[in-house]
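Engineer: below are the sequence and a predicted model for it; my questions follow.
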Amino acid sequence: MSSKIPIFRNNYPCSDLYPKGFMEEMERISFEEALKKLENIVSQLEDESISLEKSVSLYEQGIQLSKFCTEALEKAELQIQHVRAD
């Protein structure tokens with residue numbers, strides 16, 4: 001279950017804010033992979049020694065991963081509701 005999530009800042013694509021390959025990876029990542037990456041980002045953000053710039057970048061990546069996971073769960077819920085309605 002994969003869906004492409006556009007990443008924008010001030011209504012403009014902001015792929016330059018993410019590490020090389022992040023945008024391409026988001027196009028083909030699974031829910032489980034996204035969740036693992038999100039957990040890893042949370043762990044990194046808990047490290048007080050990382051820079052503000054790195055923290056902001058990780059936070060932005062985490063938000064996109066969180067949106068991806070939320071959308072995947074919502075789609076799965078709709079599929080379950082559809083099956084139960086049949």
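Structural biologist: Cool, the structure landed.
Engineer: in what helix or strand does residue 38 lie?
Structural biologist: Per DSSP states H and E, residue 38 falls inside helix 31-45.
Engineer: my bad, should have said residue 71
Structural biologist: Using DSSP H and E, residue 71 falls in helix 52-85.
Engineer: what lies in contact with the helix holding residue 38?
Structural biologist: If you take CB atoms under 8 Å, 6 or more residues apart in numbering as the criterion, helix 31-45 is touched by 1, 29, 50, 55, 58-59, 61-62, 65-66, 68-69, 72-73. Bear in mind the C-beta positions are built from the backbone N, C-alpha and C, glycine included.
Engineer: let's see it at 7 Å
Structural biologist: 1, 50, 55, 58, 59, 61, 62, 65, 66, 68, 69, 72 (CB atoms under 7 Å, 6 or more residues apart in numbering).
Engineer: show the pLDDT at the fifth one.
Structural biologist: In this case it means residue 59. Listed pLDDT for residue 59 reads 94.
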